[in-house]
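[1] Turn this into a structure:
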Amino acid sequence: MKFIHIADVHLGATPDSNMPWGNDREKEIWTSFQNVINVCNEEKVDLLLIAGDLFHRQPLVRELKEVNYIFSKLGTAKVVLMAGNHDYIGPRSYYQGFEWNDKVHMFLQENMDRFEFPECNTDVYGFSYHTRDITAPKYDAAAPEDNGRLHILLAHGGDDRDIPINRKRLQESGYHYIAMGHIHKPDIISKEMAYSGSLEPLDKNETGERGYIIGEITYDEDGKPVTDIRFVPSSLRQYKRVDIEVTQDTTNGELVDKANKLIKENGEQHIYTLTIRGLRDEGIHFDLEALRSCGNILEIMDLSVPDYDFDALYHENAENVIGMFIQRIRENANQDEIAKKALYYGLEALLGAKN
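    Next up, the predicted model:
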């Protein structure tokens, strides 16, 4: 039995909505979702498992119709999905009463339910969120029925506010695969239990690869089910953090060239947080706006500091406030970069006032 597992698609989300690429990001989430449907057909999978938060919020009827049409393009695969904490089934949810095509099976109950797929000897268990937060550990007693079939669980949660999960207990509960959602970073806990992560990253903190999990449950020579899964990176973009190292010889023009080179090496389609580090000439102030033309730049942090001759400055100012500041910098040499940067700014201001 072959399956693809996705979660946290968040259709309708608009990452970086205030940035030039914001509209593209919203469309790319839909494109990534449609790409998974294509993979399901190419791989001839039996089941597409969606472990919650297909939508970023309560879906509109037109959005449900669009997704239903996309699902209708599936060949061999049947869809099993649940509502998560973002698209939970509230009293006015359009999930209630929506008529999916016959390929789609959605858990509408708030307590454990199951769908049977005799054509692949598989039962899929799960339930949907009916409120945004569920603090009860509802998966603690989620054992499947012992009926000789393959058992899969859809699960969404894993923190204190959204169904706390005892991973060890859940792993030992008897499922051949547990398709998990809610955590956006992919995490293969074991061959039988994994978070697929989100299809696309949704904010600057979601660095690294995003995609889906493809898996297969076969039988060994003793007739025992064996699960094999792998994560497949598929996101159209990533959020990346890139450091640009500078020296006292670095100019504004060279800084822009360095940024362009690093972005080209890492992929021009990605979205960047740039951090400038190192010792710069005390007379230069970097033009951060010029860096924004280098690509999809979400944030720039200048943590570079002037390359002061502290010994000479301290000798000249030992008895005044500048000397005191230099002493503070020396005493706090092991501080974090932002705190140290604040001291450098103070010294820079004092030297400017003196001159």
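[2] Regarding this structure, what is its longest helix?
    Secondary structure assigned by DSSP state H gives helix 22-43 as the longest helix of the chain.
[3] Can you name the residues in contact with the helix or strand that it is followed by?
    Sequence-wise, the next helix or strand downstream of helix 22-43 (DSSP states H and E) is strand 47-51. Outside of strand 47-51, the residues within contact range by C-beta atoms under 8 Å, 6 or more residues apart in numbering are 1-9, 36-37, 40, 74, 77-82, 84, 117, 120, 122, 124, 152, 154-156, 179-182, 196. C-betas here are computed from N, CA, C, even on glycine.
[4] What of stretch 55-74?
    Residues outside stretch 55-74 that contact it (C-beta under 8 Å, 6+ apart) are 9-13, 33-34, 37, 40-41, 48, 54, 79, 86-88, 90, 92-95, 98, 100-101, 103-104.
[5] Can you spell out which helices and strands pack onto the helix or strand encompassing Lys264?
    Assigned by DSSP H and E, Lys264 falls within helix 252-266. Identification of packing neighbours for helix 252-266 by 3 or more C-beta pairs under 8 Å, 6 or more residues apart in numbering; DSSP states H and E yields strand 239-246, strand 271-280, helix 288-291.
[6] Buried residues, the longest one. List them.
    Neighbour-count burial for strand 271-280, with 16 or more other C-beta atoms under 10 Å as criterion, is recorded at Ile271, Tyr272, Thr273, Leu274, Thr275, Ile276, Arg280.
[7] what's the closest non-adjacent residue to the fifth one?
    Think Thr275. Met301 (4.7 Å; C-beta to C-beta, 6 or more residues apart in numbering).
[8] what's the one you found in contact with, if anything?
    If a contact means C-beta under 8 Å, 6+ apart, then Met301 has Thr273, Leu274, Thr275, Ile276 as its contacts.
[9] Save the residues you listed as JSON lines, and put in pLDDT and distance to Ile189 too.
    JSON lines is the format used below for the contacts of Met301 (pLDDT from 0 to 100; distance: C-beta to C-beta, whole Å):
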{"residue": "Thr273", "pLDDT": "97", "distance to Ile189": "29"}
{"residue": "Leu274", "pLDDT": "98", "distance to Ile189": "34"}
{"residue": "Thr275", "pLDDT": "97", "distance to Ile189": "32"}
{"residue": "Ile276", "pLDDT": "96", "distance to Ile189": "38"}
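[10] closest to Gln238 among the residues you listed?
    Thr273 (11.5 Å; C-beta to C-beta).
[11] doesn't Gly295 make contact with the closest one?
    No. Checked against C-beta atoms under 8 Å, the pair Thr273 and Gly295 is beyond contact range at 11.6 Å.
[12] Tell me the spacing between the residue lying farthest from the centre of the chain and Cys294.
    Here the chain reaches farthest from its C-alpha mean at Glu319, the gap being 52.8 Å by C-alpha atoms, centre = their mean. According to C-beta to C-beta, to the nearest Å, Glu319 and Cys294 sit 46 Å apart.
[13] hang on, the earlier thing: give me the subset of the contacts of strand 47-51 that lies in strands.
    2-6, 78-82, 117, 122, 124, 152, 154-156, 179-181 (DSSP state E).
[14] hang on, the earlier thing: is it true that the residue nearest to Thr275 lies in a strand?
    Yes. Under DSSP: H, G, I helix; E, B strand; the rest coil, Met301 sits within a strand.
[15] buried residues in stretch 14-33?
    Result for stretch 14-33 [16+ other C-beta under 10 Å]: buried residues Pro15, Asp16, Trp21, Asp24, Arg25, Glu26, Glu28, Ile29, Trp30, Ser32, Phe33.
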